[in-house]
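Asker: Quick check, what structure comes out for this input:
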Amino acid sequence: MSDGLALWGGVECTVNRVHDRYFSQLERNGHLLRAGDLDRFASLGIRALRYPVLWELVAPAGPASADWRWPDERLVALQRLGIDAIVGLVHHGSGPRSTHLLDPDFPERLAEYAGAVAARYPWVTRYTPVNEPLTTARFAGLYGCWYPHARDDTSFVRAVLNQCRGVVLAMQAIRQINPAAQLLQTDDLGKTYGTSTLTPIIDFYNERRWLAWDLLCGRVGPGHPLWNDLLATGVPEREFAWFGEHPCVPDLLGVNYYITSERWLDHHIERYPESHVGQYRGQRIADIETPRAFAVPTPGIAPLLREAWQRYRIPLAVTEVHIDAQREDQLRWLYEIWRSAERVRSEGADVRAVTAWALLGSFDWNTLVTVEQGYYEPGPLDVRSSPPRPTAVATLMRELASGRRPSHPVLLGDGWWRRPGRFLCPPVSIEAMDDWVSPHPPLARSAQPLLVVGAAGTLGRAFARICSVRNLAFRLLDRAQLDIADAPAVEHAIREHRPWAIVNACGYVRVDEAEAEPERCHRENTLGSVVLAIACARHGLRLLTFSSDLVFGGERRSPYVESDAVAPLGVYGRTKAEAECRVLAIDPSALVVRTSAFFGPWDSVNFVSLALGALSQGRPFVAASDQIVSPTYVPDLVHASLNLLIDGEQGIWHLANRDALSWAQLARKAARMAGVPTTLLQERPVALLHSPARRPAYSALDSERGRHMPALEDALVRYLHLRAQAAEEDETGLEPLQGRM
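Answerer: The predicted model follows:
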C-alpha cells in the first residue's frame, strides 16, 4: 500500500434519460462552461479526479463525428495540474439516443467509443467505462425510473450483463492502445437486513449486490449463489459463461456508499409510512434505510469495506462520499467515512482513497433525477454563487489532504443518522453483529457552543430550536443574562461559555416606536453590535449579526443586492446601516445578514399568522398595497445563516425568500394557499396607514453573492403544513412542535 490514505474528488456528471428527455448534471451545475473549476478542484488537495468524457455528450453519432474540444481542454488541464484523471464513459446513462442498456449492440458500440478515447488520450491510465452498472440496471431495468423503463427481472439481468460486457470490451479496446490501463469499477455497496420471515429475500439482495463485480471477475457460473435465480430469468447460460472466458478483474474496486445504501426489510407493513412500502414477487414489504429504522445505528461503511476486501482481495477506494444534509452533517459524514477507511486500512485491508463526491453538488437526486424541480444539494463548492463558493467541506478536504487535524467545532456532534429523532417508524432492535460498535472512537474534545443572544425574540428562539434539531451545541442568553452593549458583560460571557461563534439575534425591532426612542434603538442595534464585533475580533470568534431591508431608501423598482448604496429613511434603518458599517470596519470576517418581513410557524404575531388568524375568524385585516418587500420564512433564514456561518462566510449577505410583493399581496397569497377567504382583506396605500416611521416603498432583496433561500411559495407550503400540524397537536393535547424541519 502507498503511504497514507489519498483524497480524491468527483464531479456529479450523470446524464440519465427519462423517456425522451436527458437530464445532464454537467449542464445544471455549469461545469460544461466553466474551465476554471479545475483550478478550484486542485485547491482542495485531491490527487485524482473522477472525470467524465461521456459517450452521450462527446460522440452521440459515433466516434467518427466526435467533438473532442471539451475533453481536449479539460484532460490536458488536469494533467498540467498534476491531478490523475479517472475517466468515466457512461455515468448512469443509456448511451446515445440510438442505443440503450438492453440493446444487444450496446457493448460493442461502447467499446468502439472507448478505443477512440484511449487513442485520443494515451496518457490516461485509469478508467471507469460504466459507473455503477448494478445500480443503473436496477433503476433502468427493474424499477422503471430511467430509460428504457423496464420493470422485470429479465430486463434487469440483461442490463447488468450488457453494461458489464461493455466494460470488458471497452477495457480490451483501451488496452490495445495502453496496455497499462487500469479498471476502477464502481458500484453502490450496501447491505440489507430484515425480519426472519423475509430471509430468502434478504439473502438474495445481499448476494445480488456483488453481481457486477462477480461477473467481471469471471465468478458467475454453476455453484454461484444466484445461479438458479439468474437462469430463471430466461437469459441463456452462455451469456454468463462468456465472462468466465473473458475475465476483466478490476484493478481497484470503487465502493460508493450513501445514507440510503443499507436497508431494512419488514413484512409488518403497518409499522411504516406508505411511501416506504412496496411489492416484491407478490409480497408487500416495507423497505427503509436503516438510519430511519434501527434503534442502534449500523457501524457504517467499515464492515462493508472489510467484506469487499475479504471477498475479492482487490485494492479498494471509496469512490463516492456525499450526503444531502445541512453543512455540519456533510462535514460529519465525510469525516466519519474517512476515519472508517483509515481504520480498515490499519487492519490490513488495501484501502487506497476516499472520494469527496459531487464537488459541485447535485441536482434533483431527491427524485432520482426523474423530475426537474431545481432541488440542489451543495457540495464542497456551491454553484449558487458565481464563481462557485467553497464551503466548510472544502476546508475539511484541505485538512484531510494535508494531514492536518480537522478543525471545525461542529465535527464533534453526531450526524443526524446517529441522533434521536431520526426515525420514520417505531425503532427496530436487532441482534448486534460482532463488530456492531461505534464507527470510530469518540473525539477527545468537548464541543464548543454557539453563543446565541436574543432568547426573548422570534429569531433567537428559532436559532435555539434549529440548533437543537441540527445537534449544534449552543447557549441561549436573554437580555437579563447578557446586555450586548455592556463590554465587560460580553467579556465575562465569552470567558464563561467559550463559544466558537456568537449569533446576535437580539436588538430593537419596533420600527415605529424607534422614532420616539432613537437613543435606545441606537444602543441596542448599533452599540450592541459594535461591542460584540470588538469582542469577537479580540478573541478570534466568528460573529453573525442581522440587518434589515430598511437600510434602503426605496427609490429602485428592482431588488436590492448587497453592493447597492444604503439610504435609510427612519431611525431604525439608520441604526442598522451604521451597525453594518462599524461592525465590518472592526471585524471584516463578521457575517452580516440583511433580511426582511419575517414569518414563521413558531409565533403568532408575525404578519402572515396575524393575517390568516383574522381572515379565518371572519375579521377584517388591513395591509399595505404599495409597499413591496421580500418575505422571509424564519426557519429558512436560520438554516441558511447557520450554513454560511459554518462555512466561514463574511461581509454582507441578503437572505430572503426571493419574491417581491406587497404586504397585501402576501396576505392574499397566503390565504389562497391556506384556503381562507379574502373578502375581508382591506388593501390600503401606506399613506393612509399613518405609520410614524417612514418606510421604503420598495425594499425587495436579491443576492449577487448566491441565492440560498427557496422560493416564497415553497416556504409558504411548509409554513402552512407546520401551522396545521401545530393546531392538530393543540387539539389532541400533544406536546408543542419541537422544530423538526
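
Asker: all helices in the stretch 551-700 of the chain, in order from the N-terminus.
Answerer: 571-586, 607-616, 634-647, 663-674 (DSSP state H, counting those that start in this stretch).

Asker: Which strands or helices does the first one pack on?
Answerer: Helix 571-586 sits against helix 511-514, helix 518-522, helix 528-539, strand 542-548, strand 591-595, strand 651-654, with contacts defined as 3 or more C-beta pairs under 8 Å, 6 or more residues apart in numbering; DSSP states H and E. To be clear about C-beta, it is placed using only N, CA and C from the backbone, and glycine gets the same treatment.

Asker: Now do Leu541: how many residues are near it, please.
Answerer: Using other C-beta atoms under 10 Å, Leu541 has 20 neighbouring residues.

Asker: quick one: it and Ile494 touch, right?
Answerer: Yes: the criterion here is C-beta atoms under 8 Å, and Leu541 meets it with Ile494 at 7.2 Å.

Asker: Which neighbours do the two have in common?
Answerer: Common neighbours of Leu541 and Ile494 are listed as Ile502, Ala535 (criterion: C-beta atoms under 8 Å, 6 or more residues apart in numbering).

Asker: so what's the closest residue to Leu477 other than its chain neighbours up against?
Answerer: Closest residue to Leu477 apart from its sequence neighbours, by C-beta to C-beta, 6 or more residues apart in numbering: Val453 at 5.1 Å. With contacts defined as C-beta under 8 Å, 6+ apart, the neighbours of Val453 are Gly460, Leu477, Leu482, Ile484, Ile502, Val503, Asn504, Ala505, Cys506, Leu532.

Asker: at 6 Å instead, please
Answerer: Leu477, Leu482, Ile484, Asn504, Cys506 (C-beta atoms under 6 Å, 6 or more residues apart in numbering).

Asker: what number of residues lie near Gly36?
Answerer: Using other C-beta under 10 Å, Gly36 is surrounded by 10 other residues.

Asker: sec struct for the nearest residue to it once chain neighbours are set aside, please.
Answerer: Spatially, and ignoring its direct neighbours in sequence, Gly36 is nearest to Pro387 (6.5 Å; C-beta to C-beta, 6+ apart). State at Pro387, reduced to three classes by DSSP: H, G, I helix; E, B strand; the rest coil: coil.

Asker: How many residues are close by Pro387?
Answerer: By other C-beta under 10 Å, 13 other residues sit near Pro387.

Asker: and the gap between it and Leu381?
Answerer: Using C-beta to C-beta, to the nearest Å, we find Pro387 at a distance of 9 Å from Leu381.

Asker: Is the closest residue to Asp266 other than its chain neighbours bridged to anything, and to what?
Answerer: Closest residue to Asp266 apart from its sequence neighbours, by C-beta to C-beta, 6+ apart: Ala286 at 4.5 Å. As for beta bridges, Ala286 partners with Asp266, Val277 under DSSP bridges.

Asker: just the helices in the stretch 51-200 of the chain please.
Answerer: Going by DSSP H, counting those that start in this stretch, the stretch 51-200 of the chain shows helices at 55-58, 69-81, 106-120, 133-137, 153-177, 199-208.

Asker: for the second one, which positions count as buried?
Answerer: The one in question is helix 69-81. Going by neighbour count (16 or more other C-beta atoms under 10 Å), the buried part of helix 69-81 is Trp70, Pro71, Arg74, Leu75, Ala77, Leu78.

Asker: Quick check: which of the helices and strands packed on helix 571-586 is nearest to Gln310?
Answerer: strand 542-548 (45.2 Å; C-beta to C-beta).

Asker: Tell me which helix or strand Val220 sits in.
Answerer: Counting by DSSP states H and E, no helix or strand carries Val220.

Asker: Could you check how far it is from Met171?
Answerer: Distance, Val220 to Met171, using C-beta to C-beta: 18 Å.

Asker: And the contacts of Val453, which is closest to Leu334?
Answerer: Using C-beta to C-beta, Asn504 comes nearest to Leu334 of the contacts of Val453, at 30.0 Å.

Asker: give me the number of residues near the closest one?
Answerer: 27.

Asker: List the contacts of it.
Answerer: Val453, Leu532, Thr545.

Asker: Can you show me the helices along the stretch 351-500 of the chain?
Answerer: 392-402, 458-469, 487-497.

Asker: As a markdown table, the ones you listed with mean pLDDT and distance to Ala640 would be great.
Answerer: Below are those laid out as a markdown table (pLDDT from 0 to 100; distance: least, C-beta to C-beta, whole Å):
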| stretch | mean pLDDT | distance to Ala640 |
| --- | --- | --- |
| helix 392-402 | 98 | 14 |
| helix 458-469 | 96 | 11 |
| helix 487-497 | 97 | 24 |
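
Asker: Output those helices in TSV; the columns should cover mean neighbour count and distance to Leu253.
Answerer: Formatted as TSV, the helices of the stretch 351-500 of the chain follow (neighbours: other C-beta atoms under 10 Å; distance: least, C-beta to C-beta, whole Å):
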stretch	mean neighbour count	distance to Leu253
helix 392-402	21	21
helix 458-469	21	37
helix 487-497	15	47
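
Asker: Out of the ones you listed, which gets nearest to Phe423?
Answerer: Going by C-beta to C-beta, the one of those nearest Phe423 is helix 458-469, 14.1 Å.
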